[in-house]
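Enquirer: Sharing a model prediction with you, sequence too.
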Amino acid sequence: MTEQTSGQLKMEKIVALCKRRGLIFQSSEIYGGINGFWDYGPAGVAMRRAVEQLWWRYMVEQRDNVEGLDSTIICHPMVWKASGHLDQFSDLMVDCLDCKKRFREDQLETPGVCPGCGSKKMTEPREFNLMMKTFVGPVFDEEHVAWLRAETCQPIFVDFDQIRISSRQKLPFGIAQVGKAFRNEINPRFFTFRSREFTQMEMEFFCRDDESMKWYDYWHQERWAFYTKILGIPESRLKIHHHEKLAHYAKAALDIEFEFPFGWGEIEGVHHRGTWDMSRHSQFCGHELKYFDQERNEHYYPTVVETSCGLDRMCLALLCNAYDEDTAPTRKEGIEDDVRVVMHLPALVAPVQVAVLPLSKKLEDKAEPLFKDLRRCLRADYDVSGNIGKRYRRQDELGTPYCVTVDFETANDQAVTVRDRDAMTQERVALDKLAKFLLDKIQPVA
Ligand code: GAP
């Protein structure tokens, strides 16, 4: 099998698992779906929120010099004029005159040939703006046009003074926001990797220009540590791509890339944005966003260093990294080895962190209160149906790191068996020590 087909096959298995186990599936599927939009089911939403919370804790709550923001998705339309999105946020597209499909010009493997039907009747490349348009108020005319935000950082620049004054922060400091962004991508593809509606987690750090490269290096290191130490992604599956072509106002930019089954893809950008955003908004709204530096007795535009990642891409990277199949010999004669699908998700982001499995319905009196107790501090599940092997398999597929079995000995020895998903070990743990035992294993390294 070539590398490409095995990658494709792996991706198909991940997409199928996500649908089967209620992680991620097509939006409006009963209507045939809508291209580039994805819904997160019960397990998906649990995981996605856990990842978002980890980011928020690491980037905002554990720092003195980063504040949070939750702004609206629709802002004053001039925001997008000032940011340059209305004039420049576009891709070159080409249309096939035979099958009528539309493609991004830079993604054609053979220029001038339709990747859909092979036709050579393609239009010349044309600019296509990626902003999503809507109308505010009851009149649908050009005067009432508004735009769904294409990135979450613009409201951060617009609200800079409000936040700085109310939080009494002095430079250098950052503002972070998590929220939806919308882009009318010409070719949504690779599952959630390129969607039309997605969630960004961005942090804009405002500093003096002469210190900006020091901060750029600092945030580069911090973001790398987040992926490797907090999310546990091996360094071998991550790489840094330093940009050579830079915007005229920027001093540096890099992407953190992950090795997806379909190839290397960007999950995060660390960008030096110069004073572009602050000076442009000042110019377009008439409100001066210069900062008064008391120590230097000087007014200047803060220089911005940005860390920008997509929550959906981060979750996809975690799912791809976690996916694994191993074989276990089956006891049934004439049947080949069983394939066990196991998601090695870090316990911190697993949709279910502990599953309580009574060996028999007769043990529910003991097992149910235990489950209710554990779910006060952990994401817990309770499953009493089917044989124990099948229940373990279901939990393995969902990435549950610990399964607790309540058996007929439990009433006597006041203990349960804890099965570790990865080590496949089984350990007897006293009931009154169980919550602490699990929490100690699940807590992140400091
Ligand atoms: N404020 C800078 C900015 O938005 P970007 O490189 O366009 O930069 C940042 O986007 C991150 O947002 C990307 O690294 C990616 O994780 C995510 N992202 C961008 N477009 C996306 C899309 N169509 N679908 C899913 N995630 C996307």
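Expert: On my side now, so go ahead. Residues are numbered from 1 along each chain as shown.
Enquirer: Taking the stretch 251-400 of the chain, what residue is nearest to the ligand?
Expert: G310 (2.6 Å; CB to the nearest ligand atom). Yep, even glycine has a C-beta here, placed from its N, CA and C like the rest.
Enquirer: OK, contacts around that residue?
Expert: F198, T199, Q200, M201, I267, E268 (CB atoms under 8 Å, 6 or more residues apart in numbering).
Enquirer: before we move on, what about D326?
Expert: By CB under 8 Å, 6+ apart, the contact set of D326 is V339, R340, V342.
Enquirer: Repeat the analysis, applying 6 Å as the threshold.
Expert: Contact analysis of D326 by CB atoms under 6 Å, 6 or more residues apart in numbering lists R340.
Enquirer: Quick check, central residue of this protein?
Expert: The residue lying closest to the centre of the chain (CA atoms, centre = their mean) is L311, at 1.9 Å.
Enquirer: Helix or strand: which one has the closest residue to it other than its chain neighbours?
Expert: Leaving aside its sequence neighbours, L311 sits nearest to T199 (CB to CB, 6 or more residues apart in numbering; 4.0 Å). According to DSSP states H and E, T199 maps onto strand 197-207.
Enquirer: Q26 contacts I34, doesn't it?
Expert: No. Here Q26 lies out of contact with I34, judged by CB atoms under 6 Å, at a distance of 7.5 Å.
Enquirer: Those two: who's more crowded?
Expert: Q26 (17 against 14; other CB atoms under 10 Å).
Enquirer: Show me what V418 is bridged to.
Expert: With DSSP bridges as the criterion, V418 is bridged to V404, E427.
Enquirer: Enumerate the residues of the stretch 251-400 of the chain near the ligand.
Expert: Within reach of the ligand by CB under 6 Å from any ligand atom, the stretch 251-400 of the chain has these residues: E266, I267, E268, G269, E306, S308, C309, G310, D312, R313.
Enquirer: again, only using 8 Å
Expert: Proximity of the stretch 251-400 of the chain to the ligand, by CB under 8 Å from any ligand atom, involves residues 255-256, 266-269, 271, 306, 308-310, 312-314.
Enquirer: how about these in a markdown table, adding distance to L238?
Expert: Listed next are these as a markdown table, based on distance: CB to CB, whole Å:
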| residue | distance to L238 |
| --- | --- |
| D255 | 11 |
| I256 | 6 |
| E266 | 11 |
| I267 | 8 |
| E268 | 10 |
| G269 | 14 |
| H271 | 18 |
| E306 | 19 |
| S308 | 16 |
| C309 | 13 |
| G310 | 15 |
| D312 | 17 |
| R313 | 13 |
| M314 | 12 |
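Enquirer: Just the ones in helices from the residues you listed, please.
Expert: D312, R313, M314 (DSSP state H).
Enquirer: A247 and the ligand: what is the separation?
Expert: 11 Å (CB to the nearest ligand atom, to the nearest Å).
Enquirer: Confirm that that residue sits in a helix.
Expert: No. Counting by DSSP: H, G, I helix; E, B strand; the rest coil, one finds A247 to be coil, located in no helix.
Enquirer: Ramachandran coordinates for it?
Expert: Per-residue torsions, A247: phi -60, psi 150 (degrees, to the nearest 10).
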